[in-house]
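1. here is the input, now give the coordinates:
(2 chains)
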There are 2 protein chains.
Amino acid sequence: MTPPPAPGPDGLSTPGPEGPEGPDGPADLVITGCTALTHDPRGEIVFVEDATIVVRDGIITSVTAGGPGPGDGPAPAAHIDARGTLALPGLINCHTHTPMVALRGLAEDLPAHTWFNDWIWPVESNLTERVVGLGARLACAEMIRAGVTTFADHYFAMDEVAAATDESGLRAVLGQAYFSTQGPEGRAASLDFALRQQGAAGGRVTTCLAPHAPYTVDESDLAATAELARQHGLLVHIHAAENREQTDNSLTRHGRTPIEILERAGLLDTGTDVLLAHVTGLDTARDLPVLRRAAERTGGRVAVASAPRGYLKFGWDTTPVRALRDAGVPVGLATDGAASNNTLDVWESMTLTALVQKSVERDPTWLTARQALDHATLQSARAVGLGEEIGSLAAGRRADLVFVDLTGPHTQPVHDLAATLVHSARSGDVRTTIVAGRVLMHDRELLTLDVPSVVAELSGLLPELVDRSHGKRIQEYEG
Amino acid sequence: MTPPPAPGPDGLSTPGPEGPEGPDGPADLVITGCTALTHDPRGEIVFVEDATIVVRDGIITSVTAGGPGPGDGPAPAAHIDARGTLALPGLINCHTHTPMVALRGLAEDLPAHTWFNDWIWPVESNLTERVVGLGARLACAEMIRAGVTTFADHYFAMDEVAAATDESGLRAVLGQAYFSTQGPEGRAASLDFALRQQGAAGGRVTTCLAPHAPYTVDESDLAATAELARQHGLLVHIHAAENREQTDNSLTRHGRTPIEILERAGLLDTGTDVLLAHVTGLDTARDLPVLRRAAERTGGRVAVASAPRGYLKFGWDTTPVRALRDAGVPVGLATDGAASNNTLDVWESMTLTALVQKSVERDPTWLTARQALDHATLQSARAVGLGEEIGSLAAGRRADLVFVDLTGPHTQPVHDLAATLVHSARSGDVRTTIVAGRVLMHDRELLTLDVPSVVAELSGLLPELVDRSHGKRIQEYEG
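-> Take a look at the predicted model:
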């Protein structure tokens, strides 16, 4: 089902399944002995035992059962003996605001209005580039340790996040956020960032346009954004129908739901990928036909990112995953920012998606462990516009993968690997994280970031960051 | 508020705050440099920085701020430098079936009827003492690694679980389960176990009577159980109103809710502690007055154990924690068995309790992080009938505590320790687990159990265990 990948954003010519030098060329990395989570041609999950994974130039060139034979070509540059672990595609955080880890636990047990207007948006008026850069580095460290290999970030001072992405070794889809209160300069700065940083970090950065939300970006600004997306072939990443109240208020103010506003602005038909964050306030009767049409028109390029932890915490509805599936809309997994979600743990998002969807649908047979893994892999990859690049361990895909230790007492015995992964294992069981063939964490040791020094410097900046005595805020929440 | 403890179930005379030899006697263990989660006289959580915790004969004799001075008496037998960690009372698993870890992940994504009748109860007819013993050991290893120091277990072949408790070093509240289909022998065996094993494992085992549920134990059997509880001063641990359907069926069949049946049988007024597992099917109008009366009559000795993960997974309602609090009923945290819950991770139960309660009450200000910690500590201790023994780091309480590492990138920075513990930290951050002053896990290394050998032996027994070709089941689920 997956067509051969086009030349990728890494700026590398993408090799075929045999690698750049054919089957006998020396590989950069060979991984042996693991059980590998792969997908069959229909996208169903298949666990391959005693798998050998070959990597060349940051790309997987083969995944095969059984070890390499003695005559399998020249010795690779690196070999990882992964016996006793399970390899799966690196997790994808489809919607976050990485620098907000600096505010983790600052504003707790509050309704959204108070949280935004009295805490987050006043504090964010104190943001500095240095805080953003340090927060992004801390977040990258957390995600690498949690088995996340790609994140889609939507925030401010995004050049700092791009630099943190480069330094950390992660893959990222980055967009500079804007409000219409910034005037046309907000949108222009977002486009400038997107064009300037596209392909940065050795191709690991892809960029997007990042209008904040239909309640903070007006319709003409949204329409101009849609036009820019078409013109430049850029993903658009936007908050949409974050909660029921936003949808109700939108209907009162504009006579249209947030989803209808996006459609009218032309954003659901840009010919590029569109990533809608949250969508817990979906108006089933009005919005589902809109999204179904958009999915049909675009071939499923309109997707949703779901971060279920925060919805529980705010007492909101959750993303209607079943209805979206029926409409042909992929749903990727996300954590949102740590100021609301408290962690950037996509593994937890996967587990909570399974649990919460069963609960809200009152159907224990729905959102099985395998469905949860599908959201975590193929659907998340599609959601961030990298559906042909990541999300699966297969020849031609980027070598973004993690090894999970399933020998702990909490994951034994194993009757069903999918259930073990979704319902017993956790992010802390990830031992090794690899992006584009480079090892970023080995046996839980981070190799690219120095957490104590980041935390020490960030801690010194916190008193100024959390000072709200100025009475300012970056925006008013009237969602 | 806590009266001086009576001679404890450890069989030790309980020392006062100064320890058995007064303030200058040599301590068995002194812990220094941690931040300690303690409770003030009103039960509110207070974090004590740079705390020193002194342990004698398995009992905490003091918790003070600041390190011990040079003249603070003879050197202790053991010293733990716990700088950089947070000490909190060991977690309490208020309702589990430890040997069911052998069935972890076996029967997934199923409704309760199918899960019981087609999977769990047929497989449980294959149980052997060896499987129970191995499962209990594996479960104890999982719990020690997750920071659990006490568990309340309700299962079969409980002598095996008592032996595992002894070997593991954990504290446990154990009851031999019975159905009325076993005849009076079931109840008699439960009593025999309770009397025989009371105070086993050096006092770390307390016992209870364990009728299965109002739908499997008839009213005369329940009444006889209540009488035995009164006569022998035993806790009664029973499933009650596990889900809404059980309550509806009970009303149809008997004209009474499960809670009303328990009341009528005299079980809510035994003068001993009563622990009701789940209670997600509470009939607010009928049952709350019953539980309120019981709480008033008994001084809060009727408690509920809540295991929210499984309720999500089965698509059930959750335990109505707010209503129970208003009725004066303590709610302890639990995991149920791993066959439904997939983990024995009480830390996850704490986090999920906070998240799910906010969600079902649609109130983000309810079940704050501090309330969640209250359920995890004092309320859980009361729920298992050890309200004066465990659940708090205070002079006179058992020295059951864990050290948590909060330096990981996912828990930094710390703006609010309670929020960090409940919403960012996880069980894998527990570095050290201590029960009755004995270290069971040090720096994540288990000291009392050999997991690989337990898993190896258990794995060999699984094919026979999961064979359902005999067509038998231990009971019929008609909940």
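2. count the neighbours of residue A:287 for me.
-> 25 (other Cβ atoms under 10 Å in any protein chain shown). In short, each C-beta sits where N, CA and C put it, glycine included.
3. isn't it up against residue A:259?
-> Yes: Residue A:287 lies in contact with residue A:259 (Cβ atoms under 8 Å); the separation is 4.1 Å.
4. so residue A:151: helix, strand or coil?
-> strand (DSSP: H, G, I helix; E, B strand; the rest coil).
5. any idea what it is bridged to?
-> Legend: beta-bridge partners of residue A:151 under DSSP bridges are residue A:93, residue A:172.
6. which residues do residue A:287 and residue A:259 both contact?
-> Common neighbours of residue A:287 and residue A:259 (criterion: Cβ atoms under 8 Å, 6 or more residues apart in numbering or on different chains): residue A:241.
7. spatially, which residue comes closest to residue A:249, not counting chain neighbours?
-> The shortest distance from residue A:249 to any non-neighbouring residue, by Cβ to Cβ, 6 or more residues apart in numbering or on different chains, is to residue A:479 (6.6 Å).
8. correct me, but the one you found touches residue A:248?
-> No: between residue A:479 and residue A:248 there is no contact under Cβ under 8 Å: 9.9 Å.
9. for the stretch 1-150 of chain A, what spans make up the strands?
-> A:29-39, A:45-56, A:59-65, A:78-81, A:85-89, A:91-96, A:148-155 (DSSP state E, counting those that start in this stretch).
10. cool, the stretch 151-300 of chain A as well?
-> Using DSSP E, counting those that start in this stretch, strands in the stretch 151-300 of chain A cover A:171-178, A:205-211, A:235-240, A:274-278.
11. can you redo the ones you listed as a markdown table with mean neighbour count and mean pLDDT?
-> What follows is the strands of the stretch 151-300 of chain A, written out as a markdown table (neighbours: other Cβ atoms under 10 Å in any protein chain shown; pLDDT from 0 to 100):
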| stretch | mean neighbour count | mean pLDDT |
| --- | --- | --- |
| strand A:171-178 | 28 | 98 |
| strand A:205-211 | 28 | 98 |
| strand A:235-240 | 27 | 98 |
| strand A:274-278 | 28 | 98 |
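12. ok, which of those comes nearest residue B:443?
-> Closest to residue B:443 of the strands of the stretch 151-300 of chain A, according to Cβ to Cβ: strand A:171-178, at 33.2 Å.
13. other SSEs contacting the closest one?
-> Applying 3 or more Cβ pairs under 8 Å, 6 or more residues apart in numbering or on different chains; DSSP states H and E, we find strand A:171-178 packed against strand A:148-155, helix A:158-168, helix A:184-197, strand A:205-211, strand A:235-240.
14. which residues sit against stretch A:39-53?
-> Residues outside stretch A:39-53 that contact it (Cβ under 8 Å, 6+ apart) are A:1, A:30-38, A:60, A:62-68, A:86-87, A:370, A:373-374, A:377-378, A:392-394, A:399, A:401, A:417-418.
15. buried among those? Need that as a selection in PyMOL.
-> Of the contacts of stretch A:39-53, the buried ones go into a single PyMOL selection, burial set by 16 or more other Cβ atoms under 10 Å in any protein chain shown:
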select buried, chain A and resi 30+31+32+33+34+35+36+37+38+60+62+63+68+86+87+370+373+374+377+378+392+393+394+399+401+417+418
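16. who in the stretch 351-479 of chain A is up against chain B?
-> Counting by Cβ under 8 Å from any Cβ of the partner chain, the stretch 351-479 of chain A comes close to chain B at A:354-356, A:358-359, A:361-366, A:368-369, A:407-410, A:412-416, A:419-420, A:423-424, A:426, A:428, A:451-452, A:455, A:458-459, A:462, A:466.
17. buried members of the residues you listed into PyMOL, please.
-> Only the buried entries of these go into this PyMOL selection, using 16+ other Cβ under 10 Å:
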select buried, chain A and resi 354+355+356+358+359+361+364+366+368+369+408+409+410+412+413+414+415+416+419+420+423+424+426+428+451+455+458+462+466
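18. which ones among the residues of the stretch 351-479 of chain A next to chain B lie within helices?
-> Judged by DSSP state H, the subset of those located in helices is A:354-356, A:358-359, A:361, A:369, A:419, A:451-452, A:455, A:458-459, A:462.
19. and residue A:479 and residue A:248? Which one has more around it.
-> residue A:479 (22 against 14).
20. could you look up the SS state of that one?
-> coil.
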